[in-house]
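J.: predicted model, plus sequence, below.
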Amino acid sequence: MGLIPQTSTTISTNNDLYTILGMRTVTSSWTFLFAYLALLLSLGLVISRRLSHFKISDYAFYLNHFGLWFLLFSAGLGTADIQRDTMTIYEGEKASVVDDQTLMLPFQIYLNDFIMETYPPNLHLIDVRTGNALPENKPAFFQVNEKNPVGELDNIKIQLLEFIPQAIITSDNNFKAVNMPGASEAVHIHISDKQTGKEDDGWIYRGNSMQSFRALPVDSQRWIMLAQPEPSKFVSEIRIENKTGESADYKLMVNKPLKIGGWNIYQYGYDTKAGKNSKYSILGIIYDPWINMVYIGILLLISGSVCMFRKKIRKTNDLE
């Protein structure tokens with residue numbers, strides 16, 4: 001399992017030798033189940049035999065071996081009971097059922113707001129015929145940063161004149177800074193082609209579903225366009241409400257899940273087309289009722305290992 005990538009289903013479109021031999025679905029095979037049960041039985045018999053001649057001095061052995069047995073037992077049962085799914089919630093709405101309607105939560109989740117912070121956007125030189133960034137072998141970019149206003153894109157010198165993080169196109173075809181839904185990044189630049197000596201300046205607008213984009217042509221085949229900024233942080237401000245009406249507010253972030261009982265709630269995704277204007281958040285829902293039992297087994301195993309290590313050191317010192 002550590003050397004061969006595993007798939008989550010026994011049905012696979014990959015027909016290589018590993019798949020034919022069942023090496024991509026190890027935990028779903030009868031051989032794995034047989035080995036797992038045999039290990040539990042063998043380990044249990046070893047513990048039982050030592051318990052039949054119980055000694056307090058063997059506490060390290062009991063902690064170590066029973067911790068391992070308890071860990072394997074809980075993890076095996078947890079594999080069958082664990083449930084993973086996603087939930088899409090729109091701002092201002094509640095939800096308690098996952099997307100495929102197969103899992104009902106014992107509480108409701110209310111999305112107060114979805115907030116995203118982004119890195120400065122990048123300018124790219126685009127081949128109009130193919131839509132690819134240039135140079136094709138190693139696409140270049142110019143990051144819009146007012147602290148570093150001068151850069152270059154494939155022999156095109158660029159000078160940043162103005163940057164509006166949130167702008168809309170006005171009726172007179174200008175750009176106005178407005179913090180509202182539908183606003184997008186607008187950049188005013190001056191360009192100079194080192195090969196031809198041609199100079200020009202103009203506005204570049206990323207646009208969205210509500211307003212069309214604007215590019216700055218360098219020539220008939222190349223345009224400078226603004227790419228969608230990459231997110232540096234996105235947060236879902238949610239409220240959890242239980243069946244009794246009690247509620248609490250939380251901020252859900254990537255790699256910082258919320259744990260409620262046997263439920264783990266993760267920040268999973270959002271509307272990637274809308275970006276920071278996303279009106280919904282996608283949450284990852286994982287239910288694992290055996291996870292605390294697994295943790296107990298790990299703690300027992302670690303405690304027993306530490307005790308055995310200390311006893312070994314003491315025995316070595318006594319011999320010396």
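T.: It's in.
J.: could you use CA atoms for every contact and neighbour count after this?
T.: Will do.
J.: so where is the protein shaky, pLDDT-wise?
T.: Where the chain drops to pLDDT under 70, the residues are 8-14, 318-320.
J.: quick one, helices of it?
T.: 17-20, 30-51, 59-81, 291-319 (DSSP state H).
J.: using JSON lines, lay out the ones you listed together with distance to Ser96 and mean neighbour count.
T.: Shown next, in JSON lines, are the helices of the chain (distance: least, C-alpha to C-alpha, whole Å; neighbours: other C-alpha atoms under 10 Å):
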{"stretch": "helix 17-20", "distance to Ser96": "38", "mean neighbour count": "13"}
{"stretch": "helix 30-51", "distance to Ser96": "35", "mean neighbour count": "13"}
{"stretch": "helix 59-81", "distance to Ser96": "19", "mean neighbour count": "18"}
{"stretch": "helix 291-319", "distance to Ser96": "22", "mean neighbour count": "16"}
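J.: can you put these in a markdown table and add distance to His190?
T.: Conversion of the helices of the chain to a markdown table gives the following (distance: least, C-alpha to C-alpha, whole Å):
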| stretch | distance to His190 |
| --- | --- |
| helix 17-20 | 56 |
| helix 30-51 | 65 |
| helix 59-81 | 59 |
| helix 291-319 | 58 |
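J.: for Ala215, find the nearest of the ones you listed.
T.: helix 17-20 (48.3 Å; C-alpha to C-alpha).
J.: any idea how far stretch 48-64 is from the chain center?
T.: 44 Å (C-alpha atoms, centre = their mean, to the nearest Å).
J.: can you give me the end-to-end distance of that stretch?
T.: With C-alpha to C-alpha, to the nearest Å as the measure, stretch 48-64 spans 14 Å from end to end.
J.: next: stretch 280-294.
T.: Using C-alpha to C-alpha, one end of stretch 280-294 lies 34 Å from the other.
J.: quick one, strands of the stretch 51-200 of the chain?
T.: Here the stretch 51-200 of the chain has its strands, by DSSP state E, counting those that start in this stretch, at 83-90, 94-97, 104-118, 122-127, 142-143, 150-153, 156-169, 175-177, 184-193, 199-205.
J.: quickly run through the sheet partners of the fifth one, with directions.
T.: Okay, so that is strand 142-143. strand 122-127 (antiparallel) (DSSP bridges).
J.: now the longest one
T.: According to DSSP bridges, strand 104-118 forms sheet pairs with strand 94-97 (antiparallel), strand 231-242 (antiparallel).
J.: likewise for the first one?
T.: Taking DSSP bridges as the criterion, strand 83-90 forms sheet pairs with strand 280-287 (antiparallel).
J.: quick one, the strand it pairs with and helix 59-81 angle?
T.: Inter-element angle recorded for strand 280-287 and helix 59-81: 130 degrees (by axes from the mean of the first three to the mean of the last three C-alpha atoms, to 10 degrees).
J.: distance between strand 280-287 and the chain's centre?
T.: Put simply, strand 280-287 sits 11 Å off its chain's centre (C-alpha atoms, centre = their mean).
J.: give me the contacts around it.
T.: The contact list for strand 280-287 (C-alpha atoms under 8 Å, 6 or more residues apart in numbering) reads 82-91, 98, 111, 114, 236, 262-271.
J.: Gly269: neighbour count?
T.: Neighbourhood size, Gly269 [other C-alpha atoms under 10 Å]: 17.
J.: and the nearest residue to it once chain neighbours are set aside, how far is that from Tyr90?
T.: Take Gly269 and drop its neighbours on the chain: the residue closest to it by C-alpha to C-alpha, 6 or more residues apart in numbering is Ile282, 4.7 Å away. To Tyr90, Ile282 is 9 Å away according to C-alpha to C-alpha.
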